[in-house]
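> with the input below, show me the fold.
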Amino acid sequence: MPETRVEVPEMVMLEILSKLPVKSLTRFRCVCKPWCSSFQTPHFITKHHRNNLHNNNLNLLLKRCQGPCNGLLCLHDADKVAFWNPSTREFKTLPQSTVQRPPSVDSTSFDCFGIGFDSQSGDYKVEISVPGVEPYGSPLFNNYVNGFYYWRATGDSDHLILSFDMVNEKFSTLPLPEFGGSLAEYYLELLDFNGLLGAIVYPRGGTDKSFDLWVMNGSWTKQFSIESLLGVERPLGFWKNGELFLDSSDHELVLFDPSTRELKNLGIHAYQETMQIIAYVERLVPIN
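You can find the predicted model right below:
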């Protein structure tokens, strides 16, 4: 009996392949030239990324870097800046910036790098200079949200939020949420919360911690509160089902489940105030 060969249509094959992890696709590039070429097209890269987002395929990384943006991270050391794709292991050092900083602002104020995606040009941008205000400390979370990068900043006499539009390359400002306290008593960290700008507020002192999450959607509204957590210092980020990563008083990484109020020690230790984590989705986007 003759062998029956089944031909899978190319579109169906690419649909199946777009659901695979980056590690597998990297190996499959050598199967044939059409596959290798297809994996590098914007359509396939976007399809693969959307599948990972739809299936909530998050990865965790302990970090000393900025980002991520669409699976890319921005690494920096003093005035040296580089892009890194942890999925494909590609790395690229960026040229020196030609952006002139305002002479009235000390250059040491510009310690916060911001990476974002320009959806109009299809390119990535790194913003390092902020006219008129001074970035206030290094971001703890990923501050890139839906085409904008956000910093907590100080103006002439008050605290505010500075945003940078990656398409129009323009700055604008937002007020802080009115959380009923002062920044002398509370930390306020900005973050991406389900595609919206969020701010998590928690007390600087004390052993009985509370965490309030505010979300900007036209105006600031309080999303939820977590009360009376003992033995934790600061938030580090959200996980797949709303769990919150925290830095414990012993500087161990712990995971808090709001539905059960259970704290789970993950057995990872870091020096004080250096542990940061990011959740990112794998992406094939080339940077070289």
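> distance of Leu229 from Asp247?
According to Cβ to Cβ, to the nearest Å, Leu229 and Asp247 sit 12 Å apart. For every residue, glycine as well, the C-beta is placed using N, CA and C.
> for this protein, longest strand please?
strand 220-230 (DSSP state E).
> please enumerate the helices of the stretch 101-250 of the chain.
In the stretch 101-250 of the chain, no segments count as helices under DSSP state H, counting those that start in this stretch.
> where in it is pLDDT low?
Scanning the stretch 101-250 of the chain for pLDDT under 70 picks out the ranges 101-113, 128-142, 155-157.
> rewinding a little: from the middle of its chain, how far away would the longest strand of the chain be?
In terms of Cα atoms, centre = their mean, to the nearest Å, the centre of strand 220-230 is set 21 Å apart from its chain centre.
> now that strand: buried residues?
220, 223, 226, 229 (16 or more other Cβ atoms under 10 Å).
> so what touches it?
Around strand 220-230, the neighbours that count as contacts under Cβ atoms under 8 Å, 6 or more residues apart in numbering are 175, 177-179, 193, 198-199, 207-215, 244, 246, 256, 258, 263.
> contact partners for Tyr149?
Taking Cβ under 8 Å, 6+ apart, one finds 114-116, 127, 143, 163-164, 166 in contact with Tyr149.
> I'd like to know the beta-bridge partner residues of it.
Beta bridges link Tyr149 to Tyr144, Phe164, judged by DSSP bridges.
> in PDB, list the C-alpha atoms belonging to the lengthiest helix in the chain.
Ranked by residue count and defined by DSSP state H, the top helix of the chain is helix 42-54. Written as PDB, here are the backbone C-alpha positions of helix 42-54 (Å, rounded to 0.1, in the frame of the first residue of the first chain):
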ATOM      1  CA  PRO A  42       7.000  41.700  11.500                       C
ATOM      2  CA  HIS A  43       3.700  39.700  11.000                       C
ATOM      3  CA  PHE A  44       5.100  36.500  12.600                       C
ATOM      4  CA  ILE A  45       6.900  38.400  15.400                       C
ATOM      5  CA  THR A  46       3.700  40.200  16.300                       C
ATOM      6  CA  LYS A  47       1.600  37.100  16.100                       C
ATOM      7  CA  HIS A  48       4.000  35.200  18.300                       C
ATOM      8  CA  HIS A  49       4.000  38.000  20.900                       C
ATOM      9  CA  ARG A  50       0.200  38.200  20.900                       C
ATOM     10  CA  ASN A  51      -0.100  34.500  21.500                       C
ATOM     11  CA  ASN A  52       2.200  34.800  24.500                       C
ATOM     12  CA  LEU A  53       0.200  37.700  25.800                       C
ATOM     13  CA  HIS A  54      -3.100  35.800  25.300                       C
END
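> chain center to that helix, what's the gap?
Using Cα atoms, centre = their mean, the offset of helix 42-54 from its chain centre is 18 Å.
> okay, now the domains of the chain?
With domains defined by automatic domain parsing, the chain comprises 9-55, 56-281.
> which residues does Gly181 contact?
For Gly181, the contacting residues are Val201, by Cβ under 8 Å, 6+ apart.
> phi and psi next, for it.
Gly181 adopts backbone torsions of phi -150, psi -170, taken as degrees, to the nearest 10.
> give me the distance between it and Cys69.
Gly181 sits 31 Å away from Cys69, going by Cβ to Cβ.
> make a ChimeraX selection of the buried ones in the contacts of strand 220-230.
Selection command for ChimeraX covering only the buried members of these, criterion 16+ other Cβ under 10 Å:
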select :177,193,198,199,209,211,212,213,214,215,244,246,256,263
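> I figured His116 hits Val145, correct?
Careful, residue 116 is Gly; it's not His. No - in this structure Gly116 lies outside contact range of Val145 using Cβ atoms under 8 Å: 9.1 Å.
> do you know how far Met216 is from His54?
Counting by Cβ to Cβ - Met216 and His54 are separated by 25 Å.
> got it, and Phe171?
Taking Cβ to Cβ, one finds Phe171 at 33 Å from His54.
> between these two, which is the more surrounded one?
Phe171 (17 against 9; other Cβ atoms under 10 Å).
> beta partners for Thr154?
Beta-bridge partners recorded for Thr154 (DSSP bridges): Glu134, His159.
> all strands of the stretch 151-288 of the chain, in order?
In the stretch 151-288 of the chain, the strands defined using DSSP state E, counting those that start in this stretch lie at 159-165, 170-174, 186-193, 196-203, 208-216, 220-230, 232-238, 244-248, 252-257, 262-269, 277-281.
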